[in-house]
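In: Fold the stuff below for me.
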Amino acid sequence: MKRELIFLRTFAVTTAIGMLFVATSAFQKSGNQKFSEIDVERINIVEKDGTVKMVITNVERFPNGNDKINGKPTNEQRKKRSGMLFLNEDGIECGGFIYDGQKNSNGHSAGLSLTYDQYDGDQVMQLIAEDYREGDKRFVTSGLMFNDRPPKESQIKTSAIMKELDELGKKDPKAADEKYKTYEAQGLVGGSPRVMLGKSRSENNGLFLFDNKGMPKAMFYVDKENNAKLDFFDEKGGVIASFPEKKK
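Out: Numbering: from 1, shown residues only. From the prediction side, this is the model:
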């Protein structure tokens, strides 16, 4: 009886050690692992030191609000969407790829955006497509855009400023506007579009140029009647010259 107990104990210990060895060996196995198919809600691509460099995620696990990446807060006001976020060597968000699309009470709303951010700031380059249907009307825009961003912009500082302005705006909208202008003059907020290549909401397809305040300065495009046009604008957005000139 005693021999049987010793045998069983020895067998149990040996089996446990064997299972532990197999389990640890599976995770320590070198080389690439191959999967035919995998279902996952979110993937974090990390460096050896743990720095997150890319996030691939579904809608529910999209980071915003109280979520932190690399110890840094994420944009609280950003809508959750499927897609990817890119992060640089300092662990700061530097762009992303997002998309969505669904029906609503008026029709549908869909969009896609691929962006690259200024260091510790917002997007300076964006590939974007938007598709809205409201009743019988459908609006589709798409383009490649280049933007100017404030020189002293900071993602954390900008978030704090926008919170401050939002709270102030609820009490005194005029004071909030003045405060915004102050921050803008300091180079902390603002920015403006400078170049857009693509299709506008008015169904013009072409190249659109803007000044440093975001006002249109020149457009070379084909309108929805298939007419090729070249327009120039003054500082207030008024047309000062066009080619070809309108026939009288």
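In: which SSE is the nearest residue to Asn70 once chain neighbours are set aside in?
Out: Computed as CB to CB, 6 or more residues apart in numbering, the closest residue to Asn70 that is not its neighbour in sequence is Gly91, at 3.1 Å. Heads up, the C-betas are built off the backbone N, CA and C, glycines and all. Using DSSP states H and E, Gly91 maps to neither a helix nor a strand.
In: what about Gly91, distance to Val55?
Out: Distance of Gly91 to Val55, computed by CB to CB, to the nearest Å: 12 Å.
In: Next: Leu144.
Out: Applying CB to CB to Leu144 and Val55 gives a distance of 24 Å.
In: re earlier: for Gly91 and Val55, list the residues in contact with both.
Out: Taking CB atoms under 8 Å, 6 or more residues apart in numbering as the criterion, Gly91 and Val55 both touch Ile69.
In: and the two? which has more neighbours close in?
Out: Val55 (23 against 17; other CB atoms under 10 Å).
In: wait, doesn't the more buried one sit right on Ile69?
Out: Yes - between Val55 and Ile69 a contact is recorded at 6.9 Å, counting by CB atoms under 8 Å.
In: ok, now which ones touch the residue most central in space within the chain?
Out: With distances taken as CA atoms, centre = their mean, the residue of the chain nearest its centroid is Gly96 (4.3 Å). Contact analysis of Gly96 by CB under 8 Å, 6+ apart lists 83-86, 113-115.
In: now those residues as TSV including distance to Asp166 and secondary structure?
Out: Output for the contacts of Gly96, formatted as TSV (distance: CB to CB, whole Å; DSSP: H, G, I helix; E, B strand; the rest coil):
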residue	distance to Asp166	secondary structure
Gly83	25	strand
Met84	28	strand
Leu85	24	strand
Phe86	27	strand
Ser113	23	strand
Leu114	28	strand
Thr115	23	strand
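In: what's around the residue nearest to Asn58 when sequence neighbours are not counted, how many residues?
Out: Leaving aside its chain neighbours, Asn58 sits nearest to Glu41 (5.0 Å; criterion: CB to CB, 6+ apart). Burial of Glu41 is recorded as 10 neighbouring residues (other CB under 10 Å).
In: cool, Arg42 as well?
Out: For Arg42, the tally of surrounding residues (other CB under 10 Å) stands at 12.
In: looking at it, it is touching Asn58, isn't it?
Out: Yes - the pair Arg42 / Asn58 is scored as a contact, 6.6 Å apart, by CB under 8 Å.
In: And the nearest residue to Pro151 once chain neighbours are set aside, what's its pLDDT?
Out: Nearest non-adjacent residue to Pro151, counting by CB to CB, 6+ apart: Gly187, 4.7 Å away. What the model reports for Gly187 is a pLDDT of 94.
In: Gln126 versus Gly187, what's the distance?
Out: Distance from Gly187 to Gln126, counting by CB to CB: 21 Å.
In: So the two - more neighbours on which side?
Out: Comparing Gly187 with Gln126 by other CB under 10 Å, the one with more neighbours is Gln126, at 19 against 12.
In: Fine by me, thanks again.
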